[in-house]
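>>> Got a predicted structure here, sequence first:
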Amino acid sequence: MRKLQFLFMFMLLSLMTSMSFGQEKRDDFYPTEIWKDTKGDTINAHGGGFMYHKGTYYWYGELKRGTTWLVPGQNWECYRVNAGGVSCYSSKDLVNWKKEGVVLPANKTDQNHDLHYSKVLERPKVIYNEKTKKFVMWLHIDSQDYSAARVGIAVSDKPTGPFKYIQSIKPNGLDSRDMTVFKDDEKSAYLIYSSEWNKNLHISKLTDDYQNVSGKDIIALPRMSREAPAMFKHKNRYYLITSLTTGWDPNMALVAHADSIMGKWNPGYNPCKGEKADLTFTGQSTFVLPIEGKPGKYIFMADVWKKTNLQDSRYIWLPLEFKNDSVEISWKKSWSLTK
């Protein structure tokens, strides 16, 4: 009897230890490692966008789950998983993330719907509109072979959704693939998107409700074949980190800058320093996040794509710093916001 009691207590203690480990608070970032949420499950939010609202950070990303397959008939490695929709996580400290669920689900019944699981739903970004009190999501909408090249818009009354899908558009009549959105200090918002088969990178001002393009559009980086845009602002100057176009394979990041968001952009240099800096540490840019309450402090965020097993893709977050007015992103195996 005592042996049975001892065995039961040992099993119970092991279970409690396992549960507490899964919910253990973290302090450090570990780029390229598997990241867990507060319940111990792997975080699944790729091509992410981030928003700070009323004391909480929100992380929106592609839910990549299931078998990776190769779209037939393409002249490049067009690997895909069936679209899973947009997932959301929340955090107070940027390190420990609570799963909020799928806030924009894929459509499972209508093959003609933009959000059908057979299509492409990528790079979701959310901004808040103070006038309408709506959270507005923009994301890349595409066909299996990436020929549709559209951008989708969805809205919600809450940061955790559910988001109501409105429509997809070709901004200013142009194709749109990799994209992001940026909200300026005076509340104007902009869509930044790769167009003309990624040849040109455009910036388009959004309407006041953030739910369409206004018609004001520039080519920020003409004939430079850039994608994966991530925009941020530092001391009244605007910065764009982009990648080259090599499919799922990593390449060199480049940073451009401008004194006016709709003005002249100066293409620049590789900001990465350290091992595999010429390959963006094997990642691809997705966002640059200002740290709330710490002016001049930013996190560079990137995805490490596992092209033949996309659900195992990882995340790289690194401190982005300014040295002699130049952007620097240095490789670290681990780091902390508090150290």
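It's in.
>>> List the residues that contact the closest residue in space to residue 239 that isn't next to it in sequence.
In this structure, residue 239 finds its nearest non-sequential neighbour in residue 257, 5.1 Å apart by CB to CB, 6 or more residues apart in numbering. Quick note: C-beta positions are derived from backbone N, CA and C, even for glycine. Taking CB atoms under 8 Å, 6 or more residues apart in numbering, we find residue 257 in contact with 237, 238, 239, 240, 265, 266, 268.
>>> what does residue 175 give?
By CB under 8 Å, 6+ apart, the contact set of residue 175 is 149, 150, 195, 196, 197.
>>> Just read off the phi/psi values of it.
Main-chain torsions, residue 175, degrees, to the nearest 10: phi -70, psi 150.
>>> Could you check how far it is from residue 198?
From residue 175 over to residue 198 the distance is 9 Å, taken as CB to CB, to the nearest Å.
>>> top of the contacts of residue 257 by neighbour count?
residue 240 (27 neighbours; other CB atoms under 10 Å).
>>> Could you give the bridge partners of that one?
According to DSSP bridges, the partner residues bridging residue 240 are residue 231, residue 256.
>>> Now do stretch 145-160: distance from first to last residue.
31 Å (CA to CA, to the nearest Å).
>>> let's have the chain start at 538 instead
Sounds good: first residue 538 from here, last item stretch 682-697.
>>> What are the buried residues along that stretch?
683, 685, 686, 687, 688, 689, 690, 691, 692, 693, 696, 697 (16 or more other CB atoms under 10 Å).
>>> Pull the distance from that stretch to the chain's centre.
13 Å (CA atoms, centre = their mean, to the nearest Å).
>>> any idea of the mean pLDDT in it?
Stretch 682-697 carries an average pLDDT of 97.
>>> repeat for stretch 710-720
Stretch 710-720 comes out at a mean pLDDT of 98.
>>> what comes up buried for it?
So for stretch 710-720, counting by 16+ other CB under 10 Å, buried means 711, 712, 713, 714, 715, 716, 717, 718, 719, 720.
>>> cool, stretch 813-821 as well?
Buried residues in stretch 813-821 (16+ other CB under 10 Å): 814, 816, 817, 818, 819, 820, 821.
>>> give me the beta-bridge partners of residue 597?
Bridge pairing for residue 597 - DSSP bridges - gives residue 586, residue 625.
>>> what separates it from residue 613, distance-wise?
Shown here: residue 597 relative to residue 613, a distance of 27 Å by CB to CB.
>>> Looking at those two, which one has more neighbours?
residue 597 (28 against 12).
>>> and residue 632, what does it touch?
Counting by CB under 8 Å, 6+ apart, residue 632 makes contact with 562, 563, 564, 565, 566, 874.
>>> mind putting those residues in JSON lines, distance to residue 810, neighbour count and pLDDT included?
Output for the contacts of residue 632, formatted as JSON lines (distance: CB to CB, whole Å; neighbours: other CB atoms under 10 Å; pLDDT from 0 to 100):
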{"residue": "562", "distance to residue 810": "30", "neighbour count": "8", "pLDDT": "79"}
{"residue": "563", "distance to residue 810": "25", "neighbour count": "14", "pLDDT": "79"}
{"residue": "564", "distance to residue 810": "24", "neighbour count": "12", "pLDDT": "89"}
{"residue": "565", "distance to residue 810": "20", "neighbour count": "13", "pLDDT": "96"}
{"residue": "566", "distance to residue 810": "17", "neighbour count": "21", "pLDDT": "98"}
{"residue": "874", "distance to residue 810": "19", "neighbour count": "15", "pLDDT": "94"}
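>>> Where strands are concerned, which of those count?
Secondary structure defined by DSSP state E assigns 565, 566 of the contacts of residue 632 to strands.
>>> closest to residue 782 among the contacts of residue 632?
Relative to residue 782, the closest of the contacts of residue 632 is residue 566; by CB to CB it sits at 27.8 Å.
>>> so how far is the first residue of stretch 668-686 from its last?
Rule used - CA to CA; the end-to-end distance of stretch 668-686 is 30 Å.
>>> buried stuff in that stretch?
671-679, 681, 683, 685-686.
>>> quick revisit: so which pair among the buried residues of stretch 710-720 is furthest apart in space?
So, these by CB to CB: farthest apart are 712 and 720, at 23.8 Å.
>>> Is residue 848 in a helix, a strand, or coil?
Look at residue 848: counting by DSSP: H, G, I helix; E, B strand; the rest coil, its state is helix.
>>> Make sure it is actually in contact with residue 619.
No. In terms of CB atoms under 8 Å, residue 848 does not count as a neighbour of residue 619; the distance is 10.6 Å.
>>> buried stuff in stretch 636-643?
636, 637, 639, 640, 641, 642, 643.
>>> where does the stretch 538-687 of the chain have low pLDDT?
538-561 (pLDDT under 70).
>>> try 50
Residue ranges of the stretch 538-687 of the chain with pLDDT under 50: 538-541, 543-558.
>>> so where do the helices sit in it?
For the stretch 538-687 of the chain, the helices defined by DSSP state H, counting those that start in this stretch occupy 539-559.
>>> In helices only, show me the buried residues of stretch 710-720.
If you go by DSSP state H, the buried residues of stretch 710-720 have nothing in helices.
>>> In a markdown table, list those residues along with distance to residue 656.
Formatted as a markdown table, those follow (distance: CB to CB, whole Å):
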| residue | distance to residue 656 |
| --- | --- |
| 711 | 19 |
| 712 | 15 |
| 713 | 14 |
| 714 | 13 |
| 715 | 16 |
| 716 | 16 |
| 717 | 20 |
| 718 | 21 |
| 719 | 25 |
| 720 | 27 |
